[in-house]
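> This is the structure alone, sequence omitted:
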Ligand SMILES: Cc1cc2nc3c(=O)[nH]c(=O)nc-3n(C[C@H](O)[C@H](O)[C@H](O)COP(=O)(O)OP(=O)(O)OC[C@H]3O[C@@H](n4cnc5c(N)ncnc54)[C@H](O)[C@@H]3O)c2cc1C
Ligand code: SF4
Ligand code: SF4
Ligand code: SF4
Ligand code: SF4
């Protein structure tokens, strides 16, 4: 039944952004499985992205080709980018092209290096990478075989963390390739001679002897780097990037190939620096994930709803939504139901309280009532807000853990939904003696900024309490992961003790 | 013989979990076999290494996947069930699973994903005191201590360790052992644990012995932390000092002289090695001892010599949690393609 329904549906349309072998690989995988591929017609220069609205299953993209902008609707977007490398010649001061250059210059004529000396240089002034090791070792072995040249590799940290590389290194050494590892870039002295080859001077760590090499050619690495067009794509699609500029952030919630925006998948050179083999599997997987009917959005009954009559069009929600789930059209704001993750950030930040989270969003966790034995004295009433992605899981996972008596536990899809108003209401209206926010670690928030926002609001609440003469320590925030059972227990205990020591909240405020 | 599952996944670690979840997302019924009572595999037992910010170790993803697998209707989870035999049968795969009481169940499916994982290298045979001195532990054991105690404690007295040595590449990158592979994860993983220890205990001093630092450009840049000393040498032996300290000796790369120092705790960063169980199951399926050739090889992939049989995660070679998750999703996709081709 399910399948038939899908077959009757239109062919899925997938936009590919990128070119090169990986884009080709993904395009053919998609085509093999009945998808219509947009943006990657064989032979044609691929179009540039000029804009994108909409959501998973129904994106409207604007594509520019030959100066003409075209509009397309697509179900999914697969960003692959293009392989891009940087050559650190300048960093090493090796700009003389006769005696230094890229691997291609060597491989044009591998048997012409008979009796010559070739040095491969990597990871001293630049960061090396497995793909460089792979290229270097293959080239070094080829040179040895074809020309019997004297081949040296001078490196910092030899990057062998990929399948087959340690074996290849072993083979290269066995074949007579000499590897020198240095501990810092300063350990290598490079001097240029007029119209002659470079002179390399360093101390061999193993023999502790000075080594001088005057190679006929110095091979410089081509280090993988994000292709410069990715920044524009990230900004047009509203995607997080990692610290280097690749399109998958280091947030583990995005594994394997997801982004903060449902329906946008990143793979290959757009996602990270990886070896060709890894990029190949990634592009196949990227195509697969573009075809799988994943339900990334939150259940509809938990999502945000905008009350258009209360809205003053400040656009805070539009800007702040980490999942690009707020749609703006003709001045009207709506929440996209295939994109909204129910994080509640928009609702907590809207200055007009014009956004409500539907029923069942704030789930009071009655499954875990306080069971610890009563202590006799004052038992503070504490409101704990847990995140369904981290602290709520850590609490559930341990059988020997129970919340202290008098605790009310709420679990939220994201602590970003815990508004300043809700924190103050807990103390003011619900007469809680303390409020504890158990958020995710920075960088591990499913909604990117939610945990930071929650911590900021707890700070604000503390400031407000202080201003009215109350104890600022009645509110606290702690960051935890889904596997931090012990830290959770310790945080709850510490906070409980803290509130117990402060004593009951004064009823008159 | 129980049927109704289209795919059997053996192993409920990072790889097996995501293989099962991805198949379910594609609408395919799965039987997930896990020999332990708890899902999660090795990495399901690791600690969070965030100090203030997450350091992307991946461990908490396992907790989320375990929760999801329990809720997913299309995934039939059989914990406490060890696959004791797997073979090709009637154009599909038959697996015999036994529970702790020895009761057996036969399961049949069209496709099989072997995600039965790896074995951490056993360093008992090395002269580093493992198994003899209480304060020599493996990185795997340190993960478990950190998870349970939220601190780095010495096994001898459960006090916080003030001086720690990490020794890398134990059982990896070792031609004598025939282990010509880098385990890929131990450098970043041990450096994260070292940094976490230093953040928790400002008095702590840590020495980190290594060959090459893999996959940690950030840490290499931050290496001037005054309490963290990176030493490019591997100590060859360890002896017991006073107060159950461990005395290591190594050739100092800077001075070229032999150096000695006593540490409260020595952590051996053991590598990812082929699991005998995976090897046995694969042999039964392929009719030959194929794992040694496949394990960590450049040509390895989720495909095997047998159509419909796929491998994912560390069962087929060293890889991180992130890579295991991706590998498993790809194996799930290939299993789906295989089944469609049979229709
Ligand atoms: C000390 C250490 C630290 C690490 N730290 C990190 C880190 O910080 N970050 C990171 O990304 N990676 C890390 N790794 C790597 C990480 O452990 C692996 O990537 C991950 O565990 C691989 O998952 P897997 O599912 O392939 O294998 P496993 O985790 O080995 O899971 C295999 C599962 O299969 C089950 N099984 C085996 N045989 C059978 C059978 N016959 N029947 C039923 N079930 C069976 C096992 O019980 C197990 O649950 C580390 C590895 C080590 C050794
Ligand atoms: S934040 Fe509130 S007021 Fe501002 S645009 Fe959104 S709904 Fe309207
Ligand atoms: S609840 Fe979160 S995901 Fe949904 S619209 Fe608001 S900010 Fe965006
Ligand atoms: S377990 Fe690892 S990935 Fe998860 S929050 Fe902690 S450091 Fe980050
Ligand atoms: S990751 Fe580091 S410790 Fe592990 S095998 Fe590779 S080089 Fe050795």
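Noted; the coordinates are in hand. In this text the structure is predicted, and so the values were computed from the model without any measurement. Residues are numbered from 1 along each chain as shown, chains lettered A, B, ... in the order given. Ligands and ions are numbered 1, 2, ... in the order given.
> Need the three-state assignment for residue B:56.
Classification of residue B:56 using DSSP: H, G, I helix; E, B strand; the rest coil returns coil.
> Surely it and residue A:253 touch.
No: using CB atoms under 8 Å, residue B:56 makes no contact with residue A:253, being 10.4 Å away. No exception for glycine: its C-beta is placed from N, CA and C like everyone else's.
> Of these two, which one has the most company?
residue B:56 (22 against 19; other CB atoms under 10 Å in any protein chain shown).
> Can you give me the neighbour number for the nearest residue to the more buried one once chain neighbours are set aside?
Distances taken as CB to CB, 6 or more residues apart in numbering or on different chains place residue A:250 nearest to residue B:56, at 4.4 Å, with adjacent residues excluded. Using other CB under 10 Å, residue A:250 has 19 other residues around it.
> Surely residue A:249 and residue A:242 touch.
Yes: counting by CB under 8 Å, residue A:242 is a contact partner of residue A:249 at 5.2 Å.
> And the two? Which one has more around it.
Taking neighbours as other CB under 10 Å, residue A:249 and residue A:242 compare with residue A:249 leading, 20 against 16.
> Need the overlap of contacts for residue A:249 and residue A:242.
Counting by CB atoms under 8 Å, 6 or more residues apart in numbering or on different chains, no residue touches both residue A:249 and residue A:242.
> ok, back up a step: tell me who's in contact with the residue nearest to residue B:56.
Here residue A:250 is in contact with A:242-243, A:443, B:54, B:56 (CB under 8 Å, 6+ apart).
> pretty sure it is in a strand, no?
No: applying three-state DSSP, one finds residue A:250 to be coil, outside a strand.
> Okay, it and ligand 3: tell me how far apart.
Going from residue A:250 to ligand 3 by CB to the nearest ligand atom, to the nearest Å gives 21 Å.
> can you give me the helices for the stretch 401-509 of chain A?
A:420-428, A:450-467, A:485-502 (DSSP state H, counting those that start in this stretch).
> Next, see if the first one gets close to ligand 2.
No: using CB under 6 Å from any ligand atom, helix A:420-428 stays clear of ligand 2, coming no nearer than 13.6 Å.
> Quick one: mean pLDDT over that helix.
If you average the pLDDT over helix A:420-428, you get 93.
> related to what we said a few turns ago, want to throw the helices of the stretch 401-509 of chain A into JSON lines with distance to chain B and mean neighbour count?
Putting the helices of the stretch 401-509 of chain A into JSON lines (distance: least, CB to the nearest CB, whole Å; neighbours: other CB atoms under 10 Å in any protein chain shown) gives the following:
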{"stretch": "helix A:420-428", "distance to chain B": "21", "mean neighbour count": "18"}
{"stretch": "helix A:450-467", "distance to chain B": "10", "mean neighbour count": "20"}
{"stretch": "helix A:485-502", "distance to chain B": "4", "mean neighbour count": "19"}
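> I'd like these written out as a markdown table, with distance to residue B:65 added.
What follows is these, written out as a markdown table (distance: least, CB to CB, whole Å):
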| stretch | distance to residue B:65 |
| --- | --- |
| helix A:420-428 | 30 |
| helix A:450-467 | 20 |
| helix A:485-502 | 16 |
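> Looking at those helices, which is nearest to residue A:392?
Minimum separation from residue A:392 across the helices of the stretch 401-509 of chain A (CB to CB) falls at helix A:485-502, 9.7 Å.
> Wondering if the closest one reaches ligand 4 at all.
No: Helix A:485-502 lies apart from ligand 4 when judged by CB under 6 Å from any ligand atom; the minimum separation is 9.9 Å.
> the helices in chain A, which residues?
Secondary structure of chain A (DSSP state H): helices at A:2-8, A:21-32, A:89-92, A:103-107, A:130-147, A:165-174, A:230-237, A:276-291, A:316-320, A:345-349, A:391-397, A:420-428, A:450-467, A:485-502.
> Report the buried residues of the third one.
By that I understand helix A:89-92. A:89, A:92 (16 or more other CB atoms under 10 Å in any protein chain shown).
> what helices or strands is that helix leaning on?
strand A:100-101 (3 or more CB pairs under 8 Å, 6 or more residues apart in numbering or on different chains; DSSP states H and E).
> Not counting the strand it packs on itself, show me its contacts.
A:89, A:92, A:94, A:198, A:217-220.
> try it again with 6 Å
With contact meaning CB atoms under 6 Å, 6 or more residues apart in numbering or on different chains, strand A:100-101 is reached by A:94, A:218.
> mind listing what that strand pairs with, with the direction of each?
strand A:217-219 (parallel) (DSSP bridges).
> what about the partner strand, distance to the chain center?
36 Å (CA atoms, centre = their mean, to the nearest Å).
> Report the mean per-residue pLDDT for it.
For strand A:217-219, the per-residue pLDDT averages 96.
> how many neighbours does the one residue in the stretch 51-200 of chain A that gets nearest to ligand 3 have?
Of all residues in the stretch 51-200 of chain A, residue A:55 sits closest to ligand 3, at 10.7 Å by CB to the nearest ligand atom. Residues lying near residue A:55 (other CB under 10 Å) number 22.
> For residue A:433, the count of nearby residues, please.
22.
> Residues of chain A that sit close to ligand 5?
residue A:161.
> in stretch A:304-321, what counts as buried?
Here stretch A:304-321 shows A:304, A:306, A:311, A:316-317, A:320-321 as buried, counting by 16+ other CB under 10 Å.
> now stretch B:52-63
B:54-63.
> Likewise for stretch B:260-276?
Buried residues in stretch B:260-276 (16+ other CB under 10 Å): B:261-275.
> so residue B:190 touches residue B:164, yeah?
No: if you go by CB atoms under 6 Å, residue B:190 and residue B:164 don't touch, sitting 10.2 Å apart.
> Fine, thanks again, bye for now.
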